[in-house]
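Undergrad: fold the following, please.
(2 chains)
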There are 2 protein chains.
Amino acid sequence: MDKTFRMTRAGTQAGPSRPVMLAIAGDSAAGKSTLAKGLVTALGAGRCTLVCADDYHRFDREERKTLPFTALHPDCNHVPIMEQHLQLLATGQPILKPVYDHGTGLLARPELVQPRDVVIIEGLLPLHTSPSRACFDVKVYLAPPEEIRRTWKIARDTRKRGYTPAQVASELDRREAESAEFIRPQRSHADVVVRFGPIAVRNDPPDTPLSAELLLRPTIRHPDLASVLVPGMRKAIHLKLERDEDGRPVDTLHVHGYMSAEEGHVLRKMIWTTLGQGGEVPEGLGGIGRRARSEPLAITQLLLLHHLLDLAA
Amino acid sequence: MDKTFRMTRAGTQAGPSRPVMLAIAGDSAAGKSTLAKGLVTALGAGRCTLVCADDYHRFDREERKTLPFTALHPDCNHVPIMEQHLQLLATGQPILKPVYDHGTGLLARPELVQPRDVVIIEGLLPLHTSPSRACFDVKVYLAPPEEIRRTWKIARDTRKRGYTPAQVASELDRREAESAEFIRPQRSHADVVVRFGPIAVRNDPPDTPLSAELLLRPTIRHPDLASVLVPGMRKAIHLKLERDEDGRPVDTLHVHGYMSAEEGHVLRKMIWTTLGQGGEVPEGLGGIGRRARSEPLAITQLLLLHHLLDLAA
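TA: The predicted structure follows:
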């Protein structure tokens, strides 16, 4: 008897159900896990599996010191294994996921991951190769202005990963060429590009909450926000037909950081209703760390949540 | 576009070549790695990938102490992941294999394994489930008499794994029920069952080299040894048509441990020529540890080698 046939026949008869797959790609400290965390909270941990693609690092921190490239380089990551694991998760199968410990910089014992209804993969390279990209239903790329990302990275890596500010700054410089070559090109494969930052044309004081610009590419079907995008709401949110850097037509949704808490509350409620999602607006959106909060982040999460719930339905 | 279609299309266009898959199953210290080692030496490490299924242990030694079952229990192992990895290897794909360190009893960082021409999986449970079994071209089960296996296990675990003889003996008792429930039933799924031991009807002194009985089930096509199984060779090797424990017809190849080194040499040469394999008889067969050697082990490896080379051709 042919072995392939035997293997197929011996497999599970009733196929596992297929999860909705969301990619959140972006450079180090671009805000990937903050974006992901709100989605997990809103969905509930029981419906959602979160995988950090940094776990596919091939070398530990000590080994990386001797290498001619940084952690951003595909050769520094188990890219074919990541592709394989994404395919397994996308078809509803469990994986034994490697584990990279950011605290110690060591590769630890792997852990069993079962895909739940929604699988979120956040990391440096989830959109780098075509087999990876093919596994996702929704692809997001985070593209904050570089000076903001630098600030975020220095703050996080000194607080949580035991580096000095000078070490982080030098690491950022060392990574720049690989960031340009491998990380940023992923932007062009995203269905949604998110840019948190100050509004370019305004000269808001430095403590003004950041706004969000969401590039919505016509590669997936975005929700119809016509009833939200009305003149009365224009100060908080508006949509603009534009051309992307490469000339492709896109919609850009501008969500303003200076809207009031009250406006934010009303806006979230309106959007949630418009999206056809019943019940209360999910809790836990927009949180940054333990205390801070961003309304544009909450709106971004709400829109992504809509895609996920819609596809999972 | 349908995601599954995209995933398929995005995959490698030219399929990877498929390795020959050999399972060597058996209880702890049944001689699995000794049997495997000679095959790897004879094939050459460049043509052969060896995987120890103990690496799929789910818990480390410390954690196992608190569990109501032993390492033999399927629930103590990542069986679905082992199945998945076997399927990947059988279709020529790499895996990120977990690693269990027998020295420390810890689960360590996983390692990348690329399947070469021949993949040998040796372990406690490779023939336990139907999806696993379907991945193999040749299935071997090692079934030495229990008193011999006990001696081997005590010798190895005290020498290499830091246990006292009393600890090993007590562990053997603790494992007996699970051995009967999960390990020994794999015997009935093997194409070849190997039993190293003294010959039952003779009362050879204790230092007589062990003989081998090879149960050859008609589930795979065994080589025609007619030209070797001649009256002049009967003292060294002979074949008997028998019924297995369950009544199924089998051939049993008896290879006698008391044959002389000269007889062994001639026999190996004859078998190798009979098998239609050109060139010299491969080196390194029959070795046990660093110094000892067994002629029946060498013959066993030679026959398995034939299957592997034949299928890999």
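Undergrad: how about residues contacting stretch A:147-166?
TA: Applying CB atoms under 8 Å, 6 or more residues apart in numbering or on different chains, the external contacts of stretch A:147-166 come out as A:27-31, A:102-103, A:144, A:167-169, A:171-172, A:196-197, A:210. Any C-beta I mention is one placed from the backbone N, CA and C, and that applies to glycine too.
Undergrad: run the chain-centre distance for it.
TA: Offset of stretch A:147-166 from its chain centre (CA atoms, centre = their mean, to the nearest Å): 19 Å.
Undergrad: and stretch A:139-152, by the same measure?
TA: Distance of stretch A:139-152 from its chain centroid, counting by CA atoms, centre = their mean, is 11 Å.
Undergrad: let me know how buried the closest residue to chain B within the stretch 151-300 of chain A is, in neighbour terms.
TA: Distances between the stretch 151-300 of chain A and chain B by CB to the nearest CB are smallest at A:Thr219, namely 10.1 Å. Neighbourhood size, A:Thr219 [other CB atoms under 10 Å in any protein chain shown]: 14.
Undergrad: ok, it - contacts?
TA: Going by CB under 8 Å, 6+ apart, A:Thr219 touches A:Asp191.
Undergrad: so what's the residue count around the residue nearest to A:Pro126 when sequence neighbours are not counted?
TA: Excluding the flanking residues, the one nearest A:Pro126 by CB to CB, 6 or more residues apart in numbering or on different chains is A:Ala23, at 4.4 Å. Using other CB under 10 Å, A:Ala23 has 28 other residues around it.
Undergrad: helix, strand or coil for A:Ala23?
TA: Per DSSP: H, G, I helix; E, B strand; the rest coil, the local secondary structure of A:Ala23 is strand.
Undergrad: quick check: which ranges of chain A have low pLDDT?
TA: Applying pLDDT under 70 to chain A flags residues A:1-2, A:5, A:8-15.
Undergrad: would you map out the domains in it?
TA: A:19-140, A:191-313 (automatic domain parsing).
Undergrad: kindly compare burial across these and name the winner.
TA: domain A:19-140 (a mean of 20; mean count of other CB atoms under 10 Å in any protein chain shown).
Undergrad: can you give the distance from that one to the centre of its chain?
TA: Here domain A:19-140 is found 10 Å from its chain centre; the criterion is CA atoms, centre = their mean.
Undergrad: can you give me the end-to-end distance of that domain?
TA: Terminal residues of domain A:19-140 lie 17 Å apart, using CA to CA, to the nearest Å.
Undergrad: contacts only, for the residue nearest to A:Pro126.
TA: Each residue near A:Ala23 by CB under 8 Å, 6+ apart is listed here: A:121-122, A:126-127, A:132-133, A:136, A:138-140.
Undergrad: before we move on, the earlier item: indicate which one of the domains of chain A is closest to B:Arg47.
TA: Checking those against B:Arg47 by CB to CB gives domain A:19-140 as the closest, at 21.6 Å.
Undergrad: name the helix or strand for the residue nearest to A:Gly38 when sequence neighbours are not counted, please.
TA: Spatial nearest neighbour of A:Gly38, excluding adjacent residues (CB to CB, 6+ apart): A:Gln301 at 4.4 Å. If you go by DSSP states H and E, A:Gln301 is part of helix A:295-312.
Undergrad: ok, now A:Pro68?
TA: Using DSSP H and E, no helix or strand contains A:Pro68.
Undergrad: now it: phi and psi?
TA: Backbone torsions of A:Pro68, given as degrees, to the nearest 10, read phi -80, psi 10.
Undergrad: for the stretch 201-313 of chain A, which segments count as strands?
TA: A:211-216, A:237-243, A:249-255, A:287-288, A:292-293 (DSSP state E, counting those that start in this stretch).
Undergrad: related to what we said a few turns ago, so which of the contacts of stretch A:147-166 are in helices?
TA: Judged by DSSP state H, helices contain the following of those: A:167-169, A:171-172.
Undergrad: buried subset of those residues?
TA: A:168, A:171-172 (16 or more other CB atoms under 10 Å in any protein chain shown).
Undergrad: one step back: distance check, the residue nearest to A:Pro126 against A:Arg133.
TA: 8 Å (CB to CB, to the nearest Å).
Undergrad: what residues are shared contacts of the two?
TA: Among the neighbours of A:Ala23, those also in contact with A:Arg133 (CB under 8 Å, 6+ apart) are A:127, A:139.
Undergrad: A:Leu229 contacts A:Lys240, correct?
TA: No: contact criterion CB atoms under 8 Å: A:Leu229 and A:Lys240 do not qualify, at 10.2 Å.
Undergrad: so the spatially closest residue to A:Ala29 that is not a sequence neighbour versus A:Ser294, what's the distance?
TA: Spatial nearest neighbour of A:Ala29, chain neighbours left out: A:Lys153 (3.5 Å); criterion: CB to CB, 6+ apart. A:Lys153 is 18 Å from A:Ser294, where distance means CB to CB.
Undergrad: mind checking what secondary structure A:Arg6 has?
TA: helix.
Undergrad: and it, how many neighbours?
TA: Neighbours of A:Arg6 using other CB under 10 Å come to 16.
Undergrad: mind checking which of the domains of chain A is nearest B:Gln114?
TA: In terms of CB to CB, the element of the domains of chain A nearest to B:Gln114 is domain A:19-140, at 9.8 Å.
Undergrad: hmm, which two among the contacts of A:Ala23 are most spread apart?
TA: Farthest pair in those (CB to CB) is A:Glu122 and A:Arg133. Separation: 14.8 Å.
Undergrad: got the residues of the stretch 1-150 of chain A near chain B?
TA: Residues of the stretch 1-150 of chain A lying close to chain B (CB under 8 Å from any CB of the partner chain) are A:3-4, A:6-7, A:9-12, A:21, A:58, A:60, A:78, A:80-81, A:84, A:87-88, A:90-91, A:93-96, A:98, A:106-110, A:112, A:130-131, A:133-135, A:137.
Undergrad: which of those residues fall in helices?
TA: Checking these against DSSP H, those in helices are A:3-4, A:6-7, A:9-10, A:80-81, A:84, A:87-88, A:90, A:130-131, A:133.
Undergrad: got the residue ranges for the helices in the stretch 151-300 of chain A?
TA: Applying DSSP state H, counting those that start in this stretch to the stretch 151-300 of chain A gives helices spanning A:165-178, A:261-274, A:295-312.
Undergrad: and the angle from the last one to helix A:261-274?
TA: To tie it back to what came earlier, the one meant is helix A:295-312. With axes from the mean of the first three to the mean of the last three CA atoms, to 10 degrees applied, the angle from helix A:295-312 to helix A:261-274 works out at 10 degrees.
Undergrad: so helix A:295-312 versus strand A:237-243, what angle?
TA: 70 degrees.
Undergrad: what's helix A:295-312 packed up against?
TA: strand A:20-26, helix A:32-43, strand A:138-142, strand A:192-197, strand A:211-216, strand A:249-255, helix A:261-274 (3 or more CB pairs under 8 Å, 6 or more residues apart in numbering or on different chains; DSSP states H and E).
Undergrad: out of these, which is closest to B:Ser260?
TA: Evaluated with CB to CB, the helices and strands packed on helix A:295-312 place strand A:20-26 nearest to B:Ser260, the distance being 65.3 Å.
Undergrad: run me through the strand neighbours of that closest one, direction for each.
TA: Partner strands and pairing direction for strand A:20-26 (DSSP bridges) are strand A:118-123 (parallel), strand A:138-142 (parallel).
Undergrad: using CSV, list the CA coordinates for the longest one.
TA: Read that as strand A:118-123. Only the C-alpha atoms of strand A:118-123 are listed here, as CSV (Å, rounded to 0.1, in the frame of the first residue of the first chain):
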residue,chain,number,x,y,z
VAL,A,118,-8.4,33.3,16.4
VAL,A,119,-4.6,33.0,16.1
ILE,A,120,-2.5,36.2,16.4
ILE,A,121,1.1,36.1,15.3
GLU,A,122,3.1,39.2,16.1
GLY,A,123,6.8,39.5,15.3
